[in-house]
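> next comes the sequence, and after it the predicted model I'd like to discuss.
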Amino acid sequence: MFEHFFQCPYCWEEISVLLDPSIRRQTYIEDCENCCNPIEFTVSFQDGELLEFAAENIEQ
């Protein structure tokens, strides 16, 4: 597993997520551990290296 730190698009707190580099491309939704708002993650890896990471708010 790969721990990645980022800033929540809602509350702007720095939080972390655990990413699985064995899955090359991932898109999923997970709640912020601080403010509980849903965040859409887009992640891609190549040869175990993180190529893309996006954490976007979900307009509700």
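Nice, I can see it.

> center of the chain, which residue is that?
F41 (4.3 Å; Cα atoms, centre = their mean).

> could you look up the SS state of it?
Three-state assignment for F41 (DSSP: H, G, I helix; E, B strand; the rest coil): strand.

> who touches it in this structure?
If a contact means Cβ atoms under 8 Å, 6 or more residues apart in numbering, then F41 has V17, Q26, T27, Y28, I29, E30, F53, A54, A55 as its contacts. C-betas here are computed from N, CA, C, even on glycine.

> pick the one among those closest to C36.
Nearest to C36 among those: E30, at 10.6 Å, using Cβ to Cβ.

> and that closest one, what pLDDT?
On pLDDT, E30 comes in at 95.

> for burial, what's the neighbour tally of it?
Other residues lying near E30 total 11 when counted by other Cβ atoms under 10 Å.

> what residues does it make contact with?
So E30 contacts V17, P38, I39, F41 (Cβ under 8 Å, 6+ apart).

> low-confidence ranges, this protein, go.
60 (pLDDT under 70).

> again, only using 90
By pLDDT under 90, the low-scoring segments of the chain are 1-2, 48, 59-60.

> any idea how far S16 is from F53?
Separation of S16 from F53 (Cβ to Cβ, to the nearest Å): 12 Å.

> higher neighbour count, those two?
Using other Cβ under 10 Å as the criterion, S16 and F53 rank with F53 on top: 14 against 10.

> which residues sit in contact with that one?
H4, F6, L19, F41, T42, V43.

> let's see that with 7 Å instead.
By Cβ atoms under 7 Å, 6 or more residues apart in numbering, the contact set of F53 is H4, F6, V43.
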